[in-house]
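Visitor: Could you work out the structure for the sequence below:
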Amino acid sequence: MPQKPDPRFLNITAHDLRGAVGVLDGAMKELIREVSSENADAAKLALMMTRSTQRLLMLGDRLSVLARLMDSAELEFGEPTDVSALVKEAATRAFSAHARRTLRLRLDAPPTPMLLPLHGQTMSAAISELCVLFCSFSQTELLVKVSSDAASAQITFESDNRSESVQRALRDRTSTTQANAGIALAEAVIVRHNGKLQLSENDGSNAALSLILPRA
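Guide: Residues are numbered from 1 along each chain as shown. So this is what the prediction gives:
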């Protein structure tokens, strides 16, 4: 009988990928500093390559998360994490690597820390995956909102795209598209945190997807 793949292989691959891309990313930053601001074509090419290295680093993060989810052991939650700070870092990083120049990111989070026991690496990857997904959906603005009540904390991703195809893509969890790959990874992480994803429609048009985590 075939044996279950060892998650360590994914972790090793992810580590090697991030190491190689990290060197490339550093070289690209040095190159950008050398490129004259008057050379528009070279500056544009350097920016495209930098964004591509950021995407590769995120793929390395995805491999690491998959390795952890394949492991039968429970995720080890560290000290309580500030959800707002985690969302800001993860969403900003994903947005800078995947968003079009005409798209704007709007973060709406409470000014005071919202502390929850989380596994930071996997939850950060889940937030990044959903941000990347909504970058591809949104037209001019992507809203990421952090809120809470007595029972739960919510991280909501809202697109300004009124297309029915966007809402259909979020409802359909069965097709093997890039969008569903991102949702599936995020949902697997959220379930391991005893949370859930919830789809809603605002005013019957704009689509929103909420990541809901229990406070206790």
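
Visitor: Relative to residue 32, how far out is the most centrally placed residue in the chain?
Guide: Centroid check for the chain by CA atoms, centre = their mean gives residue 128 as the closest residue, at 0.8 Å. From residue 128 across to residue 32, the span is 23 Å (CB to CB, to the nearest Å). Quick note: C-beta positions are derived from backbone N, CA and C, even for glycine.

Visitor: tell me the contacts of residue 116?
Guide: Residue 116 makes contacts with 80-81, 83, 153, 213, 215, as judged by CB atoms under 8 Å, 6 or more residues apart in numbering.

Visitor: Kindly apply the preceding question to residue 183 instead.
Guide: 129-130, 133, 170, 173, 197, 209.

Visitor: Ok, residue 126 next?
Guide: For residue 126, the contact set (CB under 8 Å, 6+ apart) comprises 65, 185-186, 189-190, 211.

Visitor: Quickly find the element holding the residue nearest to the centre of the chain.
Guide: Assigning secondary structure by DSSP states H and E places residue 128 in helix 120-137.

Visitor: can you list the domain ranges for the protein.
Guide: According to automatic domain parsing, the chain comprises the domains 7-70, 81-214.

Visitor: Can you say which of those is packed in most?
Guide: Comparing the domains of the chain by mean neighbour count (mean count of other CB atoms under 10 Å), domain 81-214 ranks first with a mean of 17.

Visitor: Distance from the chain centre to it, please.
Guide: 7 Å (CA atoms, centre = their mean, to the nearest Å).

Visitor: quick revisit: and which of the contacts of residue 126 is nearest residue 50?
Guide: Using CB to CB, residue 65 comes nearest to residue 50 of the contacts of residue 126, at 23.3 Å.

Visitor: show me what contacts the nearest residue to that closest one once chain neighbours are set aside?
Guide: Leaving aside its chain neighbours, residue 65 sits nearest to residue 125 (4.4 Å; criterion: CB to CB, 6 or more residues apart in numbering). The contact partners of residue 125, taken as CB under 8 Å, 6+ apart, are 58, 61-62, 64-65, 90, 185, 189.

Visitor: any chance you could map the strands in this protein?
Guide: 81-82, 104-108, 115-116, 141-148, 152-159, 196-202, 206-214 (DSSP state E).

Visitor: Each with direction, which strands does the first one pair with?
Guide: Under the criterion DSSP bridges, strand 81-82 sits next to strand 115-116 (antiparallel) in its sheet.

Visitor: tell me the mean pLDDT over the partner strand?
Guide: Per-region confidence: strand 115-116 scores 92 on mean pLDDT.

Visitor: same question, stretch 182-189
Guide: For stretch 182-189, mean pLDDT is 84.

Visitor: Low-confidence ranges, this protein, go.
Guide: 1-15, 36-37, 72-74, 171-180, 201-206 (pLDDT under 70).
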